[in-house]
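*Asks:* Quick one, structure for this:
(one chain, ligands or ions: 1)
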Amino acid sequence: MTHRHRPWGYQSSPEGVAPDWELHPDTQAIRAGLARSGFGETGEALYLSSGYTYESAEQAVHSFTDEIDHFVYSRFANPTVAMFEQRLAAIEGAELCVGTGSGMSAMFAAVACLVEAGDHIVASAAMFSSCYVVLAEILPKWGITVEFIRGNDPDVWAKALSKKTKVVFLETPSNPMLEVVDIAMVSELAHAAGATVVVDNVMASPILQKPLQLGADVVMYSATKHIDGQGRVLGGAILGSFDYIHGYLNPFVRHTGPTLSAFNAWVLVKSLETLSMRVHRMNDNAQLVAEFLTSQSKIKSVNYPGLPTHPDYEITKRQMIGGGTTISFEFNGDMDGLFAVMDKLKVIDISNNLGDSKSLITHPASTTHRRLDPAVRAELGINDSVVRLSVGLEHSTDLIKDLEQALAN
Ligand SMILES: *Cc1c(COP(=O)(O)O)cnc(C)c1O
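*Replies:* As a prediction, the model looks like this:
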């Protein structure tokens with residue numbers, strides 16, 4: 001459908017009115033995709049409509065054959081969802097974007113549309129637990145094999161990719177241990193093996209890391225995290241080339257229906273306007289909090305890609321702006337002691353969400369990652385003394401004071 005790749009708003013901004021220079025992503029975040037109705041509203045309109053009408057039976061036919069640009073049904077496309085998709089594509093620097101109802105529907109569709117029985121997937125092992133369940137339990141039921149890899153060793157990746165591989169899936173930085181995968185290195189090896197590289201870029205957000213520029217083919221998001229970032233709606237997105245979206249993804253999602261609702265898209269399109277500001281501030285706060293945590297005797301180790309002590313600090317500096325908005329750390333003590341510290345926090349909330357304007361702390365082993373096999377959890381380093389802290393937009397001095405008082409006896 002042609003309206004999916006119109007680079008600038010329509011109706012209010014005909015082709016001739018659009019700027020003739022390339023806009024900065026921060027400007028795209030405010031302007032791209034804007035489709036004003038005839039009322040000239042400033043705020044993006046919320047088009048709550050499941051279907052669309054036609055002026056004639058013939059117009060309906062031409063709409064279905066894509067000869068004219070006309071919405072046909074909101075499972076396929078909706079004007080508010082299209083605004084979100086075009087705006088996020090402009091920020092990411094992707095040809096096209098498809099919005100989905102959640103991050104998990106984005107992850108599943110992004111991978112499932114590429115594979116069939118007999119195909120092989122290679123994945124970086126450290127990932128969000130539902131993504132792990134899709135790869136380790138669901139897809140294998142349909143005759144797809146999956147191999148999990150750890151670390152940044154090119155020899156290990158090359159060996160895994162010496163087998164015919166359809167998809168390489170990776171999350172970087174990973175949730176919750178903040179392992180970093182070298183996207184450029186893996187993409188080069190994956191392409192030599194004929195594989196499509198899908199990156200879960202949730203933890204970095206489109207502001208801190210651009211996987212497509214580093215060589216990846218497809219990027220997926222849980223828009224629930226930084227993109228909404230204010231704890232309101234679920235959403236997801238998949239970004240990639242025209243060929244991937246039209247050749248693989250659309251034929252899959254149009255009929256399986258993981259559609260993003262117009263209301264959620266309307267919330268998310270406004271969130272994109274402040275995404276850059278929010279993520280930069282959260283990233284700066286996280287750096288300060290991570291530095292503070294390294295000085296605490298009750299903390300055994302701090303995992304944060306922005307600290308020079310992080311094993312992949314050099315790769316992080318190459319492929320990301322900053323170390324991200326999330327920190328994990330290992331408490332010097334048992335789980336009861338750690339729970340007592342969490343319970344003493346007065347500003348930071350106990351919650352398993354992340355990327356929110358509110359700072360949130362969670363105990364992955366007993367919540368988000370409890371679904372993992374204990375052996376896999378141990379292998380990933382997610383022990384009972386590890387917590388994940390998603391750093392929000394509060395002033396950093398209050399976050400540090402809060403942690404300081406909770407860690408004091
Ligand atoms: C939350 C999350 C997802 C899943 O997103 P939902 O919107 O909860 O479905 C996928 N990957 C990562 C890294 C996440 O943090």
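*Asks:* what's the closest non-adjacent residue to Glu188?
*Replies:* Distances taken as C-beta to C-beta, 6 or more residues apart in numbering place Gly215 nearest to Glu188, at 6.4 Å, with adjacent residues excluded. For the C-beta atoms, the positions are set from N, CA and C on the backbone; glycine is no exception.
*Asks:* any idea how far the one you found is from Arg150?
*Replies:* Per C-beta to C-beta, to the nearest Å, Gly215 is found 20 Å from Arg150.
*Asks:* These two: which is more packed in?
*Replies:* Taking other C-beta atoms under 10 Å, Gly215 and Arg150 do not tie; Gly215 has more neighbours (16 against 13).
*Asks:* Show the pLDDT at the residue nearest to Glu188.
*Replies:* Per-residue pLDDT puts Gly215 at 98.
*Asks:* again with the one 4 residues further on
*Replies:* Reading off the per-residue confidence, Val219 sits at a pLDDT of 98.
*Asks:* Now do the helix or strand hosting it: distance to the chain's middle.
*Replies:* If you go by DSSP states H and E, Val219 is part of strand 218-222. Mean C-alpha position of strand 218-222 versus that of the full chain (C-alpha atoms, centre = their mean, to the nearest Å) differs by 5 Å.
*Asks:* Which elements pack onto it?
*Replies:* helix 103-112, strand 196-200, helix 205-208, strand 236-240 (3 or more C-beta pairs under 8 Å, 6 or more residues apart in numbering; DSSP states H and E).
*Asks:* Whatever residue of the chain ends up closest to the ligand: what's its closest spatial neighbour, skipping adjacent residues?
*Replies:* Nearest residue of the chain to the ligand, counting by C-beta to the nearest ligand atom: Gly103, 2.2 Å away. Ranked by C-beta to C-beta, 6+ apart and with sequence neighbours excluded, the top spatial neighbour of Gly103 is Ser222, at 2.3 Å.
*Asks:* for the ligand, what are the nearby residues on the stretch 101-250 of the chain?
*Replies:* Contacts of the stretch 101-250 of the chain with the ligand, taken as C-beta under 6 Å from any ligand atom, map to 102-104, 107, 128, 130-131, 171, 175, 200, 202-203, 222, 224-225, 234, 236.
*Asks:* Any buried residues in stretch 156-170, and which?
*Replies:* Neighbour-count burial for stretch 156-170 flags 157, 160-161, 165-170 (criterion: 16 or more other C-beta atoms under 10 Å).
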